[in-house]
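*Asks:* following is a predicted model, sequence given first.
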Amino acid sequence: MNPRSARLAVLTSGGDAQAMNAAIRAVVRTALHLGVEVFGVHEGYDGLAGATERIEQLGWDDVSRVLDRGGTMLGTARSTAFRERAGRRLAAIRLVRKGIDRIVVIGGDGSLTGALLLHDEWSQLLAEAVAAGELSAAEAERHGGVVIVGVPGSIDNDLPGTDVAVGTDSALRQIVDAIDALEATATSHQRTFVVEVMGRNCGYLAAAGAIAGGADYVLLPETPVGPDWQHEMCTLLGAGRAAGRRNSVVVVAEGARNAAGAPITAGEVRAAIERLLGDETRVTVPGHVQRGECRARPTAWSPRSWVLPPHVPRSMPI
Ligand SMILES: Nc1ncnc2c1ncn2[C@@H]1O[C@H](COP(=O)(O)OP(=O)(O)OP(=O)(O)O)[C@@H](O)[C@H]1O
Ligand SMILES: O=P(O)(O)OC[C@H]1O[C@](O)(CO)[C@@H](O)[C@@H]1O
């Protein structure tokens, strides 16, 4: 196919992650630069499989001034409709009716799993639509193959083969900022803080946040603790206190588990510290602040640098 006649859709899906806007901008402007028409799908897969179709053509100016804005300008969703085959069939029909058979999905492991499913089912979905009179044979033939590119976009950083997903670094900064901010109270009151960190079943944010934040102990899904974990943790924390430390921080990944597979909650950690050490202990849950707009400006090492603008020197290898 002549790429200059192609039409491409871009969408964000799953939890919003910072720099998704920069990634959208990079996709839109690079495609336009290459002569490809671009469409934004609003509200994640719901914009394709939900009750209302939300596909809108995007131009160069539609992605102006979004580089350092948090969230996603296209909106996102956790779409139940797309999980069903009927939803994916509706999605394929709507895309083909718009002449689109190129898709960029920016999202996490779930979103990219869904994208793979749509890719694998595409021919069959189109054949069914033709049989049901929902698409013409010519339309189905014209768009007989679909090309889908997945861009790992998730604070969780839980995609195999990806060093750092879009949004992970900013979430990490939020976590380290939160731990740094707790320092004042922890030190003044000689308290222990238990910080619960997002990440679903992945401990990347908790592990990296604990190291960068100088925490004393971390509980992760990947390293389930044994039955005596409370005593082990408190022995370490107690040694720090004995050495003169005025503050202690324990980071708990939201997916932390013990060796038997039972979840370990921040409340449980707090109770263990109070019971075994007598430390005054508080739980802090930064929650969706971790997905919020970073006040620090995004680094150049981010989707900011992905765009292929016309003003990039032609001699530059890209
Ligand atoms: N197995 C699947 N089959 C079809 N669609 C799926 C599947 N898993 C996920 N999806 C689609 O992708 C959407 C987003 O998935 P999910 O909620 O797991 O977030 P994610 O992409 O993993 O991102 P994050 O973990 O950062 O929130 C789901 O709401 C659903 O529409
Ligand atoms: O925003 P929601 O739907 O409450 O989901 C929260 C989940 O999304 C994430 O922030 C991103 O996947 C996870 O870390 C967290 O478990």
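*Replies:* It's in. Ligands and ions are numbered 1, 2, ... in the order given.
*Asks:* find the nearest non-adjacent residue to the residue nearest in space to the middle of the chain, please.
*Replies:* Nearest to the mean C-alpha position of the chain, by CA atoms, centre = their mean, lies residue 154 at 1.2 Å. With CB to CB, 6 or more residues apart in numbering as the criterion, residue 154 has its nearest non-adjacent residue at 3.2 Å, and that residue is residue 108. In this view, the C-beta of every residue, glycine as well, is placed from N, C-alpha and C.
*Asks:* still on that earlier bit, quick one: contacts for the residue nearest to the centre of the chain?
*Replies:* Shown in contact with residue 154 (CB atoms under 8 Å, 6 or more residues apart in numbering): 14-15, 17, 107-109, 165-168.
*Asks:* closest point of the stretch 151-300 of the chain to ligand 2, which residue?
*Replies:* The nearest approach of the stretch 151-300 of the chain to ligand 2 comes at residue 198, 3.3 Å away (CB to the nearest ligand atom).
*Asks:* quick check: phi and psi at that residue.
*Replies:* Backbone dihedrals for residue 198, given as degrees, to the nearest 10, come out at phi -70, psi -180.
*Asks:* which residues of the chain lie near ligand 1?
*Replies:* Residues of the chain lying near ligand 1 by CB under 6 Å from any ligand atom: 13-15, 45, 78-79, 82-83, 107-111, 113-114, 117, 154, 156, 200.
*Asks:* coming back round to it: may I have the phi/psi pair for the residue nearest to the centre of the chain?
*Replies:* phi -170, psi 140.
*Asks:* in this structure residue 123 contacts residue 144, no?
*Replies:* Yes - under the criterion of CB atoms under 8 Å, residue 123 makes contact with residue 144 at 6.6 Å.
*Asks:* for residue 256, see how far away the closest residue in space to the residue of the stretch 151-300 of the chain closest to ligand 2 that isn't next to it in sequence is.
*Replies:* Of all residues not flanking residue 198 in the chain, residue 290 sits nearest, at 5.1 Å (CB to CB, 6+ apart). Residue 290 is 16 Å from residue 256, where distance means CB to CB, to the nearest Å.
*Asks:* which one of these two has more residues nearby?
*Replies:* Neighbours were tallied for residue 290 and for residue 256 using other CB atoms under 10 Å; the higher tally belongs to residue 256 (28 against 25).
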